[in-house]
Structure formats: structure tokens, C-alpha cells
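Colleague: Coordinates for the following, if possible.
(one chain, ligands or ions: 1)
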Amino acid sequence: MGAAGRYGGEAMIIAIDGPSGSGKSTVARLVAERLGWLHLDSGALYRALTLAALQRGARMDDPEALLSVAMTSRVELRPAEGEEPRVVLDGADVTGAIRTPQVTAHVGALADVPAVRARVTALVRQLAQGRDVVADGRDATTVIFPEADLKVFLDAAPEERARRRFEELVRRGTPVAYDEVLAAILERDRRDRERAVGALRRAPDALVLDTTGLGLAEVVERVVCAADAIRARRAARAEHGGSASEEGR
Ligand code: DC
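Modeller: Numbers count the residues shown, from 1 in each chain. Below you'll find the predicted structure:
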């Protein structure tokens, strides 16, 4: 950090994580939109590298092959007017292609390789250089940006997360039983907590927002308010001759 940003002369980072179905990506996207900042969706980078591995015919159970793909692929996020940044893999726009069920089915294997995680972490940090960003992902507050200006852990009861997912599937016309969705969420929670690498943890100094019973707009509002409070504190310090880096963040 240290490059010119909006607040107090330094770029700001908001990092958001939380369990599967907590809405972290949607909230991160809307907060970024509200503030006019870049949304850094770390999951999209894992997905882009998974697509690259599939395209190159790499074996998904071969960590060396996956790392080789990760080290030799160029992934960019290109800001797009009024919409999510485009995900660009080796020059090709893959924004839609990274959301297919095939990529979703394989991304976990790639995200389990520690050296690939280190590569993605470095890439996310590089993309954030000198910019105000809202970053989300399972380890956004603990590994990627443990020194973020604002860390948010979004939580919601498993039943609530299952209900949201269930309603989304019904809206899309996918027949599914609520109990099955809930069982899948509980299983995913267990796996995400117990992973050897990249496990979901709550940063001790994160703002914990339990979104059970809260609307999306309200969650976004709370995160933006917390960011505004930090901005105001920084501005006050700057006015009194202090520097943002003295905040000990
Ligand atoms: O949020 P998503 O479904 O787009 O994430 C894709 C995959 O990448 C998912 O398996 C979680 C994983 N991931 C991760 O391990 N660490 C991150 N910081 C972000 C995503």
C-alpha cells in the first residue's frame, strides 16, 4: 500500500469472508459498486486457473501440473463500465466460462494445492496495489489481507443459507429438496473448516455481521458505514498531522 488512494492519501482495502452461502461475493460486489472501488473476487481467480487447467488437459489430481498451469497463466481483472470486472485468461474473456458446473466441480482440487494458493494470494495482492478494493474469498481476511483496513466476516445460520440457496435454485427452475440443500451446506461448512490449507477462519478483529434476517441492502449499508467511519477517522488524523500508517492497522 502507500500509493495514492481516496482516503488519507492511501489506498484502502476491505476484505470480506464467511461460510458458503453467506453472500460474501454479492455483498462485496455491491459494496464495491457503492464506493466505486474495484471488486477483487479471489474465487474468480481460482476458477480462471481451473479453466486453464481443464483447457490444457492437466490432471486435476496432480499438484505439480496444477501449479505449472498457475505459474504460466496470465489472469487479469479488467474494470468494466457499470458492471463486474471482466475476468481475462491469457487474453481471452472468460467471465462466463468460469461459472460452468465443470469448473465448479474441479475448482476445489486446484484450491487445495498450497503452492497454487500462494500464487493466487500473490496475484490478488498485486491486483490490489495502489487501488481501493473490496476483496472477498474464503481466506480474504486471514491470509490474503490480514492487514486490511476493514475485515468483515459475514455469517448466517445454516438454515438461512440453505433457504437462500434453495430459493435461488427454484427461481432458476432447478427442482431440489430443501433438506438436501441444507445437508450440502452443512457438509461444505465442515469441509471448509477442516481443510488442511485455506480453511475458513474468523479473524479475531473482524466485524462479524450475522445476516440471518437481514436484507442485502442492509448488510451492504452496514459495511459501507463501517468503511465511512474508518475514512472519517483517517481524515481527522491527517488533519491533525498524523499519518494513516500510524493507525497500526
Ligand atoms: O466463491 P467461489 O465459489 O467463486 O470460489 C471458487 C472456489 O475457490 C471455491 O471452491 C472456494 C475457493 N476459494 C478459496 O479456496 N479461497 C478463496 N480466497 C476464494 C475461493
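
Colleague: hey, where'd the strands end up in this structure?
Modeller: Assigned by DSSP state E, the chain shows strands spanning 13-17, 38-41, 75-80, 83-89, 92-93, 133-136, 150-155, 207-210.

Colleague: Export the first one to CSV, keeping only CA atoms.
Modeller: What follows is the C-alpha trace of strand 13-17 in CSV, where atoms were taken according to Å, rounded to 0.1, in the frame of the first residue of the first chain:
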residue,chain,number,x,y,z
ILE,A,13,-8.8,-2.5,1.5
ILE,A,14,-12.0,-4.0,2.7
ALA,A,15,-11.8,-7.8,3.0
ILE,A,16,-14.9,-10.0,3.3
ASP,A,17,-15.2,-13.7,4.0
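
Colleague: got the contact list for that strand?
Modeller: 1, 24, 27-28, 31, 37, 128, 132-142, 144-145, 147-154, 200, 223, 227 (Cβ atoms under 8 Å, 6 or more residues apart in numbering). Backbone N, C-alpha and C define where each C-beta goes, glycine included.

Colleague: if we go to 6 Å?
Modeller: 24, 28, 133-136, 138, 140-141, 145, 148-152, 227 (Cβ atoms under 6 Å, 6 or more residues apart in numbering).

Colleague: Tell me the one among these nearest to the ligand.
Modeller: residue 138 (4.0 Å; Cβ to the nearest ligand atom).

Colleague: okay, that closest one: pLDDT?
Modeller: The model reports residue 138 with a pLDDT of 92.

Colleague: And residue 245, by the same measure?
Modeller: pLDDT for residue 245: 49.

Colleague: Relative to the ligand, how far out is the closest residue to residue 201 other than its chain neighbours?
Modeller: Excluding the flanking residues, the one nearest residue 201 by Cβ to Cβ, 6 or more residues apart in numbering is residue 142, at 5.0 Å. Going from residue 142 to the ligand by Cβ to the nearest ligand atom, to the nearest Å gives 10 Å.

Colleague: and what of residue 39?
Modeller: Distance of residue 39 to the ligand, computed by Cβ to the nearest ligand atom: 12 Å.

Colleague: Let me know the distance separating that residue from residue 156.
Modeller: Using Cβ to Cβ, to the nearest Å, residue 39 is found at 21 Å from residue 156.

Colleague: One more: residue 65?
Modeller: Applying Cβ to Cβ, the value for residue 65 to residue 156 is 37 Å.

Colleague: thinking again about what came up before, need the strands of the chain in CSV (columns: mean neighbour count).
Modeller: Listed next are the strands of the chain as CSV, based on neighbours: other Cβ atoms under 10 Å:
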stretch, mean neighbour count
strand 13-17, 29
strand 38-41, 23
strand 75-80, 16
strand 83-89, 17
strand 92-93, 12
strand 133-136, 28
strand 150-155, 23
strand 207-210, 16
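
Colleague: lowest-confidence helix or strand of the protein?
Modeller: Least confident element among the helices and strands of the chain, by mean pLDDT, DSSP states H and E: strand 75-80 (a mean of 90).

Colleague: Contacts (any at all) between the ligand and that one?
Modeller: No: on the criterion Cβ under 6 Å from any ligand atom, strand 75-80 is out of touch with the ligand, staying 13.2 Å away.

Colleague: which neighbours does that strand have in its sheet, and in what orientation?
Modeller: According to DSSP bridges, strand 75-80 forms sheet pairs with strand 83-89 (antiparallel).

Colleague: Output the strand it pairs with as PDB, nothing but the C-alphas.
Modeller: C-alpha atoms of strand 83-89 as PDB (Å, rounded to 0.1, in the frame of the first residue of the first chain):
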ATOM      1  CA  GLU A  83     -20.600  -3.900 -14.300                       C
ATOM      2  CA  GLU A  84     -18.400  -6.500 -12.700                       C
ATOM      3  CA  PRO A  85     -14.800  -6.500 -13.800                       C
ATOM      4  CA  ARG A  86     -14.200  -8.900 -16.700                       C
ATOM      5  CA  VAL A  87     -12.000 -11.900 -16.000                       C
ATOM      6  CA  VAL A  88      -9.400 -12.300 -18.700                       C
ATOM      7  CA  LEU A  89      -7.300 -15.500 -19.100                       C
END
